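Student: would you be able to build a 3D model of this:
(chains A and B)
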Amino acid sequence: MRIAIIGGGIGGLTLALAMRERGIAASVYEQAGQLSEIGVAVALSANATRELRRLGVLPGVMAASTEPSELIYRDGRDGRRIAAHPVHNGMSYQNRFGAPYCGIHRADLQRVLGDALAGDGLHLGHRLMTIEEGGAGMQLRFTNGLAIEADLVVGADGVKSAVRGFVTRGAGTEYSGTSAFRGIVPAAKLPSLPDPLAIQFWMGPGAHLLHYAIGPEGGDVNYFAVVEGPIAWPGAGSTAPIEPNEAVRAFAGWHPAVTEMIAATEQTLRWGLFVVPHLLHWHRGGAVLLGDSAHAMVPHHGQGANTTIEDAITLAELLRDAAPASIGALLARYQALRRARTRKIQRSSWITNGLLHLPDGPALPTRDAAMAAFPERFAWIHGHDALHAAAA
Amino acid sequence: MGTAVLDGLIAIAAEEAHVDPATITADARLRDRLGLDSLALIDLVVAAEDRFGVRIPDDDAERFVTLGDVAAFIQAALPRQ
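Tutor: So this is what the prediction gives:
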């Protein structure tokens, strides 16, 4: 079977590795001239790390990452601990979910995956231009002039997916109405930060800041500060320039740990948070979507990369021993396994946005109770075993 | 209202809520009567989408109170015969 994976990010590389492990050859076409993941950092949870362990890459991932001590929710202004749950402390998270939780730079994760693939079938500098059904399969043309035919095309090409245009006949992305400032700060520059090795949410009316440590020693703190607005997203890109100090001003009056972190990096951009409103169909002909191209979500459950890895394992497992004639049934099965779960996580992430940004008022105790019950409420996300589900 | 849509939804709801389909009617309240929480409700909506080929946005799904509301939405969205 001729399989083309469009996109050499976390999804495309994980899929290629998982297929190689099952003896399935595939070509990965990445538009960039080198593997250089954009974005900053990612938190990997057990639903993904159990799969990375099966692929043999978890030791490399853990060597470049930090396991948070605790998950802590705080009041963003007075710094009060609202709820806290042990993660690495007492091996609590691993004992519960069977695999670790860790923070890693996206570039490090991509490097570990790319090193494991060792160039097998990887084609850099290939940007997909057109995709059509015809002849004896899917016809792909790249901007560098290459034209190929494939039995299966996997669109692991992110939120701005070119493959999605073919699959959905045009359904696109939607701006969530929220945007973020982000950065990485050496922990040594954050004297006001309590519990620097924890993953922490600082919550307040209309905004929150999330941070966790990354790197082998936890020496860097990756943060992601989300605000409501702008109401309409300016321009066509996913980032927009901001005025000097705009990010600092958005968090004026917040706890010094928050303001110190934002002020420690020069902010010139805000990131619009875009989603792919749930799709009715993830496949058409011999083309299928995987990861953000199918279900980009707001990141408040930290599940974008993790659900992408689940998608990749599911698809690879279903492709075991598959023939071109069975692709339609196989892709329908993949969609059936993945669509409801990712929609639930998408929806839950968006509901969490409202909780994290709750205005002062009588609903705060309800929010606090929700944060205190976090491990019970979201065990269904972290405890999921994608390989087990696909093999059932 | 087309009984085919309602019958299909009753079958889906019976499976999601683990109850006997014979006990479910159009006025069955999704949350109180069938005991579906917000996640189980998404499972029901996704199963209904797959069965009828109709996309049901989250904002509409949140407003459904009874199984009949779901049936009415799908009936209105189905292409006319």
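
Student: so how far is residue A:154 from whatever residue of chain B ends up closest to chain A?
Tutor: Going by Cβ to the nearest Cβ, chain A is nearest to residue B:46 of chain B, at 4.2 Å. Any C-beta I mention is one placed from the backbone N, CA and C, and that applies to glycine too. According to Cβ to Cβ, to the nearest Å, residue B:46 stands 22 Å off from residue A:154.

Student: gap between the residue of chain B closest to chain A and residue A:347?
Tutor: Residue B:46 sits 11 Å away from residue A:347, going by Cβ to Cβ.

Student: follow-up on the earlier one: settle it for me: which of residue B:46 and residue A:154 has more neighbours?
Tutor: Between residue B:46 and residue A:154, counted using other Cβ atoms under 10 Å in any protein chain shown, the more crowded position is residue A:154 (33 against 21).

Student: next one: the helix or strand hosting the more buried one to chain centre, how far?
Tutor: Using DSSP states H and E, residue A:154 maps to strand A:152-155. Using Cα atoms, centre = their mean, to the nearest Å, the mean C-alpha position of strand A:152-155 is found 19 Å from that of the whole chain.

Student: can you list contacts of it?
Tutor: Applying Cβ atoms under 8 Å, 6 or more residues apart in numbering or on different chains, the external contacts of strand A:152-155 come out as A:1-7, A:12, A:15, A:131, A:138, A:140, A:161-164, A:166-167, A:286-290, A:293-294, A:315, A:319, A:324, A:327.

Student: same thing with stretch A:82-100?
Tutor: Here stretch A:82-100 makes contact (Cβ under 8 Å, 6+ apart) with A:44-47, A:49-50, A:53, A:58, A:62, A:67-75, A:101, A:198-199, A:203, A:368, A:371-372, A:374-375, A:379, A:382-383.

Student: buried subset of those residues, written for ChimeraX?
Tutor: Only the buried members of the contacts of stretch A:82-100 enter the following ChimeraX selection, criterion being 16 or more other Cβ atoms under 10 Å in any protein chain shown:
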select /A:44,45,46,47,49,50,53,58,62,67,68,69,70,71,72,73,74,75,101,198,199,203,368,371,374,375,382
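
Student: helices - which of the contacts of stretch A:82-100 land there?
Tutor: Under the assignment DSSP state H, the contacts of stretch A:82-100 contribute A:46-47, A:49-50, A:53, A:58, A:62, A:368, A:371-372, A:374-375, A:379, A:382 to helices.

Student: those also near chain B: which ones?
Tutor: Among the ones in helices among the contacts of stretch A:82-100, proximity to chain B is found for none (Cβ under 8 Å from any Cβ of the partner chain).

Student: quick check, nearest of these to residue A:281?
Tutor: Taking Cβ to Cβ as the measure, residue A:281 lies nearest residue A:47 of those, at 24.2 Å.

Student: now do the same contact list for the closest one.
Tutor: Residues near residue A:47 by Cβ under 8 Å, 6+ apart: A:97, A:99, A:306, A:307, A:309, A:310, A:381, A:382, A:383, A:384, A:385, A:386.

Student: what about the fifth one, how many neighbours?
Tutor: Here the neighbour count serves as a burial measure; for residue A:309 (other Cβ under 10 Å) it reads 28.

Student: you'd agree it is up against residue A:48?
Tutor: Yes - in terms of Cβ atoms under 8 Å, residue A:309 counts as a neighbour of residue A:48; the distance is 4.1 Å.

Student: and residue A:221, how many neighbours?
Tutor: 28.

Student: buried residues, the helix or strand it falls within. List them.
Tutor: Using DSSP H and E, residue A:221 maps to strand A:220-228. Across strand A:220-228, burial judged by 16+ other Cβ under 10 Å covers A:220, A:221, A:222, A:223, A:224, A:225, A:226, A:227.

Student: for it, name the packing helices and strands.
Tutor: Applying 3 or more Cβ pairs under 8 Å, 6 or more residues apart in numbering or on different chains; DSSP states H and E, we find strand A:220-228 packed against strand A:174-186, strand A:207-214, helix A:246-250, helix A:256-263.

Student: who does that strand pair up with?
Tutor: Partners of strand A:220-228 in the sheet, by DSSP bridges, are strand A:174-186 (antiparallel), strand A:207-214 (antiparallel).

Student: what's the mean pLDDT across it?
Tutor: Average pLDDT, strand A:220-228: 96.

Student: apart from its neighbours in sequence, what residue is nearest the residue of the stretch 1-150 of chain A found nearest chain B?
Tutor: Per Cβ to the nearest Cβ, residue A:47 is where the stretch 1-150 of chain A lies closest to chain B, at 15.6 Å. Spatially, and ignoring its direct neighbours in sequence, residue A:47 is nearest to residue A:384 (4.5 Å; Cβ to Cβ, 6 or more residues apart in numbering or on different chains).
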